[in-house]
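Engineer: model the following, please.
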Amino acid sequence: MSTRILLADDHTLMRQGLRHILESRSEFNIVAEASSGIEAVEAARHHKPDVAIIDVAMKEMNGIEATTQILKHSPGTAVLILSMYSDERYVLRAVKAGARGYLLKNSAGEELIQAIHAVEKGLAFFSPAVAEIFHDGLARLKDVHQAQDRFELLTDRERQIYQLLAEGNSNKDIANRLNLSLHTVETHRWRIMEKLDLHSTAELVLSAVRRGVVS
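Structural biologist: Residues are numbered from 1 along each chain as shown. As a prediction, the model looks like this:
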């Protein structure tokens, strides 16, 4: 039986390259593609793939938040993060979100095949450089969790709006994009600022960068 795979990356050429690699193997079946975190969540909800390969840096909803949402709707899906970034903050947050693997884009190829087979079996898989970072940071994971306690207070909608704000979107832009009233977005923004103890847009952007929500 073939492994059903979801590909999510906001670069079309990257998705095409991954599809080319995977379709050369008879054991893989690409059931869906997505160009954003939001699309990835919807695709996972609909298709329930065995493995979701998710880019960490996508607009509107990043790959880490998408991982959390995918596993809510499709807990049987194994999420494999594919990223340009080997930064500890991304790796630890991805693992905390439930990702089973973290692979660097510059090592995709045979390593990607190995990673898919591993995570599908319930095993963890990290690119060698990422594994070193993960193990070095594991001892500090408790401190990282404590630093993110406030972030855990945000609802799913607030996290989405938090990222959109950090990306430079206005309240009106966000209202139009999410089909919400301006008042609703303003209320969410106020609650986000209160929960995270932020006092300006600049502080919000800086906090998002530090948390790895935006790069």
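
Engineer: can you list the low-confidence ranges for the chain?
Structural biologist: 108, 132-149, 215 (pLDDT under 70).

Engineer: show me the strands in it, by range?
Structural biologist: With strands called from DSSP state E, the chain shows them at 3-8, 28-34, 51-55, 78-83, 101-104, 125-126.

Engineer: what residues does Val119 make contact with?
Structural biologist: The contact partners of Val119, by CB atoms under 8 Å, 6 or more residues apart in numbering, come to 51, 78-80, 100-101, 125. Yep, even glycine has a C-beta here, placed from its N, CA and C like the rest.

Engineer: show me the contacts for the spatially most central residue of the chain.
Structural biologist: Centroid-nearest residue in the chain, with CA atoms, centre = their mean: Gly63, separated by 1.5 Å. By CB under 8 Å, 6+ apart, Gly63 lies in contact with 8, 37, 40, 54-57, 81, 83, 94.

Engineer: closest to Gln114 out of those residues?
Structural biologist: Closest to Gln114 out of the contacts of Gly63 is Ile81 (15.0 Å), distances taken as CB to CB.

Engineer: is that closest one in contact with Met58, as I believe?
Structural biologist: No. Judged on CB atoms under 8 Å, Ile81 makes no contact with Met58 at a distance of 11.3 Å.

Engineer: please say which of those two ends up with more neighbours.
Structural biologist: For Ile81 versus Met58, neighbours defined as other CB atoms under 10 Å are more numerous around Ile81 (29 against 24).
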